[in-house]
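Engineer: below are the sequence and a predicted model for it; my questions follow.
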Amino acid sequence: ACRWCAHNGLDDAVTRRLAWDDIGAAATVGDVTAFLVTPLASMGTLALVANREDRLGEMPANLLVMLEAVTVSAAVNQLVKFSVGRERPFVSDLPPELKGLTDHPADNNLSFYSGHSNLVFALVVSAGTVAHLRGYEAEPYVWGVGVPVAAFVAYSRIAAKKHYLTDVLLGSAAGAAFGFALPWFFHREALPADPALTLTPLPNGAMVSARF
């Protein structure tokens, strides 16, 4: 049931300005970008920057950390969605007698907060944080490719009238927070900048480095 059905001027104004005439097309573009393009972009760029330093063997652990961030952020998102019960913008536009006739009526009141935005920012920020902890020199490419793609997904959810501005802002912030926090606070010690680099003291006091 709808527990948050009220409107506010900011959300309504942004929806009017950004919504596409064909909200179905906006939803499709957003889905493809969220579930295909963003994972490929975030994981792909991370793999490329790791391979650039001959460290592709670190990718299984990298991906596991990313998966953890995405899973935890998604679980929290679902808990909030079902607790809050905010009506979606496109449902709000319908007369009361038609609201139960949407393609997925059980999904009508799950607007807060955006799961798509949460997902893509958890992916992108976890990839960028892992790249930072690993010390990959090409780390900026992970952020440079991923953040614009994630931002487009957030925009597409407003364009499709699936979410309000406040939904996507909080979704993006929550995803980014989990994407940063899980790698940084729980795996920082397990993701050394270069585990293949060792320093060995020589009798004369000098140090020699080697890779294995």
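Structural biologist: Structure's in. What do you need? Numbers count the residues shown, from 1 in each chain.
Engineer: please enumerate the strands of the protein.
Structural biologist: Per DSSP state E, the chain carries strands over the ranges 197-201, 207-211.
Engineer: hey, least reliable of these by pLDDT?
Structural biologist: Within the strands of the chain, confidence is poorest for strand 207-211, with a mean of 45 (mean pLDDT).
Engineer: how far away is H7 from E87?
Structural biologist: Counting by Cβ to Cβ, to the nearest Å, the separation of H7 from E87 is 9 Å. (C-beta placed from N, C-alpha, C; glycine too.)
Engineer: more neighbours, those two?
Structural biologist: E87 (22 against 12; other Cβ atoms under 10 Å).
Engineer: is it true that that one touches L110?
Structural biologist: No. With contact defined as Cβ atoms under 8 Å, E87 and L110 do not form a contacting pair (9.2 Å).
Engineer: I'd guessed H116 sits against V32; true?
Structural biologist: No. Look at H116 against V32 with Cβ under 8 Å: they stay out of range, at 11.1 Å.
Engineer: and the residue lying closest to A193 once chain neighbours are set aside, how far is that from D54?
Structural biologist: Using Cβ to Cβ, 6 or more residues apart in numbering and skipping the chain neighbours, the partner closest in space to A193 is G135 (3.1 Å). For G135, the distance to D54 (Cβ to Cβ) stands at 14 Å.
Engineer: likewise for F152?
Structural biologist: Taking Cβ to Cβ, one finds F152 at 32 Å from D54.
Engineer: show me where this protein has its helices.
Structural biologist: Secondary structure of the chain by DSSP state H: the helices cover 9-18, 23-32, 38-51, 59-84, 89-92, 115-134, 139-159, 165-186.
Engineer: burial count for G9?
Structural biologist: When neighbours are counted by other Cβ under 10 Å, G9 registers 7.
Engineer: kindly apply the preceding question to L64 instead.
Structural biologist: L64: 11 neighbours (other Cβ under 10 Å).
Engineer: ok, now A174?
Structural biologist: Applying other Cβ under 10 Å, we find 21 residues neighbouring A174.
Engineer: same check, this time on K99
Structural biologist: So K99, with other Cβ under 10 Å, has 17 neighbours.
Engineer: distance-wise, check it relative to P183.
Structural biologist: Distance, K99 to P183, by Cβ to Cβ: 41 Å.
Engineer: V142 contacts T45, correct?
Structural biologist: Yes. Under the criterion of Cβ under 8 Å, V142 makes contact with T45 at 4.8 Å.
Engineer: much appreciated, bye for now.
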